[in-house]
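**Q** missing the sequence, but the structure's below:
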């Protein structure tokens with residue numbers, strides 16, 4: 001409840017329904033994101049069986065021993081679901097962190113140097129940006145089969161060019177402001193301007209861009225798993241689980257439906273949080 005003053009001078013108490021509606025969606029999406037992340041990172045500790053162990057007949061229906069049934073090779077679906085998210089989440093986070101670091105370094109450098117040199121740097125970045133992201137992932141992941149580092153590098157290379165452009169534009173805006181020009185006029189070094197003026201003022205756009213790139217990284221990592229790329233062998237992976245068990249969908253739905261739903265939930269929740277963060281940063285800038 002809140003108190004407002006009417007034109008006649010009376011105080012009236014009104015319900016803050018708008019505030020509740022305003023905060024409920026971020027709360028739900030945050031809870032969904034936290035649930036899937038904890039499941040992915042801590043799930044292997046709770047797996048009832050060894051994920052690669054063949055324990056029963058293929059596509060066995062859920063029962064007391066196998067709560068989600070078995071997959072195409074007779075492995076426990078619950079154990080593989082609990083253990084299959086860590087690879088995707090950690091790969092996406094590592095690729096996003098690498099892309100953010102490269103985008104920050106190159107973008108700020110392009111803004112701090114001369115206009116001609118900065119444009120030349122962006123032309124080099126654009127040469128990489130024109131390549132389809134999935135093609136970059138396919139080439140590197142297929143060239144180094146079974147390598148998690150290659151998949152991280154592929155995700156970073158596919159998303160870093162867009163971070164570079166965003167952060168270069170944000171740094172240009174800060175550098176063209178009056179207080180930065182005044183700082184340079186009174187003799188501050190460019191290093192001091194970078195440390196005290198540029199980096200603090202592009203932290204908001206950088207955080208927003210990182211959240212958006214995380215969504216793209218999750219999509220690319222899950223797609224790589226679906227195509228059989230990345231860490232191989234018996235390592236469980238939500239994307240690979242969907243691909244492996246789709247042929248038996250008419251026999252058992254949970255082996256492919258459980259990992260697919262978790263991937264959708266994580267992607268949607270992170271995307272909604274990224275959009276919310278973008279709105280917050282935009283209002284702050286305004």
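**A** Thanks, I have the structure now. Everything quoted here is computed from the prediction, not taken from an experiment.

**Q** When you work out contacts or count neighbours from here on, use the C-alpha atoms and nothing else.
**A** Noted.

**Q** and the closest residue in space to residue 69 that isn't next to it in sequence, how many residues sit next to it?
**A** Distance criterion Cα to Cα, 6 or more residues apart in numbering; nearest residue to residue 69, sequence neighbours excluded, is residue 62 at 3.9 Å. If you count neighbours by other Cα atoms under 10 Å, residue 62 ends up with 16.

**Q** quick one, what contacts residue 62?
**A** The contact partners of residue 62, taken as Cα atoms under 8 Å, 6 or more residues apart in numbering, are 68-70.

**Q** could you say which helix or strand contains it?
**A** Counting by DSSP states H and E, no helix or strand carries residue 62.

**Q** on that earlier part again, turn the contacts of residue 62 into TSV, including distance to residue 231, neighbour count and pLDDT.
**A** Putting the contacts of residue 62 into TSV (distance: Cα to Cα, whole Å; neighbours: other Cα atoms under 10 Å; pLDDT from 0 to 100) gives the following:
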residue	distance to residue 231	neighbour count	pLDDT
68	24	22	93
69	24	24	93
70	22	28	94
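
**Q** Inside helices: which ones of those residues?
**A** Per DSSP state H, helices hold no members of the contacts of residue 62.

**Q** Show me which of these is closest to residue 279.
**A** Nearest to residue 279, judged by Cα to Cα, of those is residue 68 at 39.4 Å.

**Q** Now do the closest one against residue 274, distance only.
**A** From residue 68 across to residue 274, the span is 32 Å (Cα to Cα, to the nearest Å).

**Q** returning to that earlier point: how close does the residue nearest to residue 69 sit to residue 47?
**A** To residue 47, residue 62 is 16 Å away according to Cα to Cα.

**Q** Likewise for residue 263?
**A** Applying Cα to Cα, the value for residue 263 to residue 47 is 19 Å.

**Q** Would you check that residue 151 makes contact with residue 228?
**A** No - between residue 151 and residue 228 there is no contact under Cα atoms under 8 Å: 11.8 Å.

**Q** neighbour count winner among those two?
**A** residue 151 (30 against 21).

**Q** can you pull the contacts of the more buried one?
**A** Taking Cα under 8 Å, 6+ apart, one finds 91, 137, 140-141, 221, 230 in contact with residue 151.

**Q** quick check: mean pLDDT across the strand or helix carrying it?
**A** Using DSSP H and E, residue 151 falls within helix 148-175. In this model, helix 148-175 has a mean pLDDT of 91.

**Q** Tell me the buried residues in stretch 39-50?
**A** 39-41, 43-44, 47, 49 (16 or more other Cα atoms under 10 Å).

**Q** just stretch 100-114 next, same as before
**A** By neighbour count on 16+ other Cα under 10 Å, the buried set for stretch 100-114 is 100-104, 106-112.

**Q** Then stretch 54-65?
**A** Under the neighbour-count criterion of 16+ other Cα under 10 Å, stretch 54-65 has 54, 58-62 buried.

**Q** now, which of those residues sits nearest residue 250?
**A** residue 59 (9.7 Å).

**Q** And the helices in the protein?
**A** 17-46, 77-112, 115-129, 133-143, 148-175, 178-185, 190-193, 199-201, 203-226, 238-245, 254-285.

**Q** Confidence-wise, which of these is weakest overall?
**A** Minimum mean pLDDT among the helices of the chain: helix 17-46, a mean of 75.
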